[in-house]
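[1] Need the 3D shape of this:
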Amino acid sequence: MNILTLLYIILVYSISVIVIFFILKFKKFQNYFSVLRNRNNGFDGLRGLLGISVFIHHTIIWFDFSKLNIWKLPTSNFLSQMGSTSVSLFFMLTAFLFTKKIIHNNINNWFIFFKKRFLRLFPLYLFSVLIMITLIFFNTDFEFRTNFLILLKSTIHNFSFYNF
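    Numbers count the residues shown, from 1 in each chain. All right, here's what the predicted structure looks like:
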């Protein structure tokens, strides 16, 4: 790991802490956060740091791609683990908080519960996928550079989270 990468990591974490500090200083946001007292702020904060770690990992991979035109993991073991370990811990913490919420709220109607989750998460997921497809089309000059069946299969795979 070179000194520029280390400085980048320090810079991103520092900016994140400064932004959070200033957000918490505004009265409007303090009222919003006081409503969230039932949340586990320590775990939410750790999930935020893990998300920032994944962001750093992805930007370093993207930076290497922009220089070498090859997708590859960072050569530093620390930077490689920064992505995969952070994702694993993020999902474990999320599963813990999700289970705690289910137990605490004594959910009886699973259909309504999952319908609410779906309606909350899927629109943003669909929007993100459509933005990516649009960017890819612009990047390839609206030209298919792969077999249409392969494209269809990968699109279904990405929309369904099903590995076939």
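
[2] Could you measure from residue 14 over to residue 103?
    Separation of residue 14 from residue 103 (CB to CB, to the nearest Å): 37 Å. Yep, even glycine has a C-beta here, placed from its N, CA and C like the rest.

[3] Let me fix that, I meant to ask about residue 132.
    From residue 132 to residue 103 the distance is 36 Å (CB to CB).

[4] which element follows the helix or strand bottoming out on mean pLDDT in the chain toward the C-terminus?
    Here the helix or strand of the chain ranked lowest by mean pLDDT, DSSP states H and E is helix 27-35, holding a mean of 60. The first helix or strand that comes after helix 27-35 along the chain, using DSSP states H and E, is helix 41-68.

[5] Low-confidence regions, the protein specifically.
    1, 27-39, 161-164 (pLDDT under 70).

[6] Nearest to the spatial middle of this structure, which residue is it?
    residue 51 (6.0 Å; CA atoms, centre = their mean).

[7] Could you find the closest non-adjacent residue to that one?
    residue 90 (6.6 Å; CB to CB, 6 or more residues apart in numbering).

[8] I'd like the distance between the one you found and residue 41.
    For residue 90 relative to residue 41 (CB to CB), the value is 16 Å.
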